[in-house]
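>>> give me a 3D structure for the following:
(one chain, ligands or ions: 1)
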Amino acid sequence: MLNKVNEAAAYILEKAGQKPELGLILGSGLGVLAEEIENPIAIPYNEIPHFPVSTVEGHKGQLVIGALSGKIVAAMQGRFHYYEGYSMQEVTFPVRVMKAMGMSHILVTNAAGGVNESFKPGDLMIIADHINYMGANPLIGPNEKEFGPRFPDMSSAYTKELVALAEGIAKEENIDVKKGVYIGFTGPTYETPAEVRMARILGGDAVGMSTVPEVIVAAHGGMKVLGISCITNMAAGILDQPLSHEEVIETTEMVKATFLSFVKRIVAEMEI
Ligand code: R1P
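Presented below is the predicted three-dimensional model:
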């Protein structure tokens with residue numbers, strides 16, 4: 001895989017003409033952040049060697065490189081999910097490429113269902129930790145030691161300093177940000193009420209179908225990670241209403257202004 005990763009990284013660096021320092025993965029409906037990037041260079045995924053393509057609504061399918069809050073960022077306007085039929089290695093390929101391009105930090109965002117009953121749709125949640133409930137792991141298979149160790153430590157996969165930075169900014173900006181544990185399921189079905197109860201018993205605060213594989217690969221590569229979930233709906237069984245991807249996208253639209261100002265300030269203050 002190393003060759004493929006390096007080919008993709010070289011292609012992007014040549015097209016971009018500058019070296020991004022921070023990777024952003026923008027979740028369902030959260031791609032708007034890429035529109036804030038100054039002097040953007042957008043590279044469609046299908047032009048990047050070995051990159052998968054986006055198949056989900058709300059995921060545009062391009063990498064946008066340019067300046068955001070004084071940093072050069074590479075933002076994925078759309079991510080890949082296991083349920084799309086991609087392998088775990090394909091889902092996480094862009095994270096490997098970010099690392100190969102020289103990025104040491106990554107900010108991962110997603111749309112998630114609220115499991116913690118004190119949450120409400122529209123809340124932002126700083127991810128403190130995750131539970132991998134996907135029944136798969138992107139590191140299964142031969143370990144390429146250029147990428148990282150065989151048995152990576154996951155005790156601080158979500159970098160404590162970045163969590164503290166985000167919490168501090170939320171406080172200063174008077175944003176009622178939550179903090180919690182994200183449980184990754186495979187999807188594409190939304191979780192059943194019983195699965196949501198289980199998630200709560202297991203210690204989960206939010207559920208979703210992404211992020212976990214990306215963060216495992218980032219941790220494998222020794223990258224510093226910050227994760228932010230947008231609670232777009234309450235998970236099944238909490239409110240008496242069915243779930244839909246339209247609702248997920250609608251809520252991200254509602255929370256857009258807060259999400260943008262929060263993340264932009266985090267990017268500005270991140271020490272890289
Ligand atoms: C379901 O509505 C979709 O929204 C979330 C789920 O994982 C799923 O893909 O998307 P992101 O995690 O990509 O934000």
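>>> K178 and I231: what is the separation?
Distance of K178 to I231, given as CB to CB, to the nearest Å: 7 Å. Heads up, the C-betas are built off the backbone N, CA and C, glycines and all.
>>> and E36, by the same measure?
E36 sits at a distance of 22 Å from I231 (criterion: CB to CB).
>>> for G66, helix, strand, or coil?
strand (DSSP: H, G, I helix; E, B strand; the rest coil).
>>> so what sits opposite it in the bridge?
Listed by DSSP bridges, the beta-bridge partners for G66 are V73.
>>> now the common contact residues for K178 and I231.
Counting by CB atoms under 8 Å, 6 or more residues apart in numbering, the contacts common to K178 and I231 are F119, D123, L124, M125.
>>> any idea whether K120 is helix, strand or coil?
Applying three-state DSSP: K120 is coil.
>>> check the nearest residue to R265 once chain neighbours are set aside and give its pLDDT.
Using CB to CB, 6 or more residues apart in numbering and skipping the chain neighbours, the partner closest in space to R265 is I169 (5.2 Å). At I169, the model reports a pLDDT of 98.
>>> show me the contacts for I169.
I169 is in contact with I175, F262, R265, I266, E269, counting by CB under 8 Å, 6+ apart.
>>> who touches the strand or helix carrying the third one?
By that I understand R265. Here R265 sits within helix 245-269, counting by DSSP states H and E. Helix 245-269 is contacted by residues 22, 27-30, 32-33, 36, 57-58, 68-71, 73, 107, 109, 111, 121-122, 124, 162, 165-166, 169-170, 173, 175, 177, 226, 228, 230-233 when judged by CB under 8 Å, 6+ apart.
>>> which regions of this structure lie under the pLDDT threshold?
For the chain, applying pLDDT under 70 flags no range at all.
>>> relative to M88, how far out is the residue in it that the ligand sits nearest to?
The minimum distance from the chain to the ligand, using CB to the nearest ligand atom, falls at G27 (2.5 Å). Relative to M88, G27 is positioned 18 Å away (CB to CB).
>>> so for those two, which sits in the more crowded spot?
Legend: neighbour count by other CB atoms under 10 Å for G27 and M88, higher for G27 (27 against 20).
>>> how much space between the closest residue to G29 other than its chain neighbours and V108?
Spatial nearest neighbour of G29, chain neighbours left out: T252 (2.9 Å); criterion: CB to CB, 6+ apart. Using CB to CB, T252 is found at 15 Å from V108.
>>> so for these two, which residue has more residues nearby?
Shown here are T252 and V108; by other CB under 10 Å, V108 has more neighbours (26 against 23).
>>> how about the contacts of I169 in TSV, adding distance to I183 and neighbour count?
As requested, the contacts of I169 are exported to TSV (distance: CB to CB, whole Å; neighbours: other CB atoms under 10 Å):
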residue	distance to I183	neighbour count
I175	24	16
F262	23	20
R265	28	18
I266	23	20
E269	29	13
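>>> report the two of those residues separated the most.
Greatest spacing in those, by CB to CB: I175 and E269 (14.4 Å).
>>> please enumerate the helices of the stretch 51-200 of the chain.
Along the stretch 51-200 of the chain, the stretches classed as helices by DSSP state H, counting those that start in this stretch are 88-100, 160-172, 193-201.
>>> among those, show me which one is buried the most.
helix 88-100 (a mean of 24; mean count of other CB atoms under 10 Å).
>>> now do that one: everything it contacts.
1, 4-6, 8-9, 12, 20, 23, 25, 48, 50-52, 63, 74, 76, 79-82, 106, 136-138, 140-141, 147, 213-214, 216-218, 221, 223.
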